[in-house]
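[1] with the input below, show me the fold.
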Amino acid sequence: MKKDLILIALAASLAAMGCGHENSNPQAYAPPPAQVEHQQDGDVIQVDHPEQIPLAVAVLHNSYPEMVLTGAVTPDVSRNVPVVSLASGRVVAVRARLGDTVKKGDLLLEIKSDDVTGGFSDYQKAIADEKLTSAQLDRAKDLYAHGAFSLNDLQIAQDAEDKATVDVQTKAEHLRLLGNDPDKPNNFVEIHAPVSGVITDQQVTDGASVQAFGPNPFTISDLSSVWIVCDAHEDQLAKVRMGDTAEIRLNSYPGQIFKGTVNNIGAVLDPNLRTAKVRVDVRNPGILRVGMFVTATFRSQKQVVHTAIPSTAILHLHDKDWVFTISPDKKFHRLEVQAGISLPGDMQEINSGLAPESQVVLNALTFQNIVEQ
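    Okay, the predicted model is just below:
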């Protein structure tokens, strides 16, 4: 009897629960709605106590724009003097070598040349012809004085003598141009330095052949003044002008600065590199050598005004420069700027992106770390 009562009570309870489920609100058993967390703008940052963040004020700074390029030392082509041989022949002696410093008149090269042999032969023939025409003129004058010679024949004899004299002078000058004395027969040609300087190119060796007006045996360069030639990309050309000053630094002499002036900006761009040649004229104290690599800092002649802030206020992130400014509502804003050169007193120039009198976070890196925590 007790067992039957328990079963009846259980059945009644299940029936009641089933009726209650059909009449209840379905939303009561639905999952709770999702809560979306809205992140703040990455460029706008709000902190609990902004008054505790040290700030700095952007100040005005007058400067001359700078641009840094790499380049190399090259000879001033206007100071390159080719050593020319007017005679063809075979080299019998080389008296100077590539890199030697020579003075004007120094012997550089000796050549055995048939041109000289032929020149002396022609000179001796011209002298013999001149002697003959001179004797004929003397006889013509004597005969004309005694009425045995016409005036026309006398004039012909005078003309022959004049031409023979010119021929002698021409043959003698030809030997002098070859580097020989007409009065001292010689089968060799001596090539002397036309100017003082450094031999920067050599195209001959002992036993080599030399052609008249062919490749120059030597090139002598006056290296008292040299060129610094740099490559500037087309987006950099607007930053350099004719007459701008340049500071030249060499890896070999890190403590020395050489001054120069821009004297040419290439009118044609390299089609592959999209660069133009910028040429700087520099006085050489004797240590600048052709081929040396240099770093050239160009300074504009026109003064510009930029802002300046402490270098610690600049955050370098993802190859860009950023600063944190504060607005009147005490919120911090991350701004991208273009940083310039470093200034004395741990200051740094800002070329663009920041107005004067703006307040920036003094230590940007520390502030960034606090925000990310």
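[2] mind checking how far the residue nearest to Phe258 when sequence neighbours are not counted is from Val92?
    Computed as C-beta to C-beta, 6 or more residues apart in numbering, the closest residue to Phe258 that is not its neighbour in sequence is Ile248, at 4.1 Å. (Glycine included, C-beta is placed from N, CA and C.) Remark: distance between Ile248 and Val92 (C-beta to C-beta, to the nearest Å) = 43 Å.
[3] neighbour count for these two, which is higher?
    Ile248 (23 against 14; other C-beta atoms under 10 Å).
[4] in contact with that one: list those residues for me.
    Ile248 sits next to Ile228, Ile257, Phe258, Lys259, Gly260, Val280, Val282, Val294, Thr295, Ala296 when contact means C-beta atoms under 8 Å, 6 or more residues apart in numbering.
[5] and the two most separated of those?
    Lys259 and Thr295 (14.0 Å; C-beta to C-beta).
[6] what about Leu154, neighbour count?
    Leu154: 16 neighbours (other C-beta under 10 Å).
[7] next one: Asp114
    12.
[8] for the one 4 residues further on, same thing?
    As a burial measure, the neighbour count of Gly118 was computed by other C-beta under 10 Å and equals 12.
[9] just the pLDDT at Lys112, thanks.
    pLDDT recorded at Lys112 is 89.
[10] do Arg241 as well
    As predicted, Arg241 sits at a pLDDT of 89.
[11] A helix includes it, no?
    No - Arg241: not assigned to a helix; according to DSSP: H, G, I helix; E, B strand; the rest coil it is coil.
[12] which residues touch it?
    Val262, Ile265, Ser300, Gln301.
[13] the longest helix anywhere in the chain packs against which elements?
    The longest helix of the chain (DSSP state H) is helix 114-145. Where contact means 3 or more C-beta pairs under 8 Å, 6 or more residues apart in numbering; DSSP states H and E, helix 114-145 is packed against strand 89-94, helix 151-177, strand 188-192.
[14] that helix vs helix 151-177, what angle?
    160 degrees (axes from the mean of the first three to the mean of the last three C-alpha atoms, to 10 degrees).
[15] how far off strand 188-192 does helix 114-145 point, in degrees?
    110 degrees.
[16] so what strands line up beside the longest strand along the chain?
    The longest strand of the chain (DSSP state E) is strand 332-343. Its sheet considered, strand 332-343 pairs with strand 44-45 (antiparallel), strand 320-326 (antiparallel), strand 347-352 (antiparallel) by DSSP bridges.
[17] what strand or helix carries the spatially most central residue of the chain?
    Central residue of the chain (C-alpha atoms, centre = their mean): Cys230, 0.8 Å from the mean position. Assessed by DSSP states H and E, Cys230 sits inside strand 225-233.
[18] how far does that strand sit from the chain's center?
    3 Å (C-alpha atoms, centre = their mean, to the nearest Å).
[19] so which bits of that strand are buried?
    Neighbour counts over strand 225-233 (16 or more other C-beta atoms under 10 Å) mark Val226, Trp227, Ile228, Val229, Cys230, Asp231, Ala232 as buried.
[20] ok so, going back, tell me which of Lys259 and Thr295 has more neighbours.
    Taking neighbours as other C-beta under 10 Å, Lys259 and Thr295 compare with Thr295 leading, 15 against 11.
[21] you'd agree that one is in a helix?
    No - assessed with three-state DSSP, Thr295 is strand; it does not lie in a helix.
[22] residues contacting it?
    Taking C-beta under 8 Å, 6+ apart, one finds Val68, Leu69, Thr70, Gly71, Ile248, Arg249, Leu250 in contact with Thr295.
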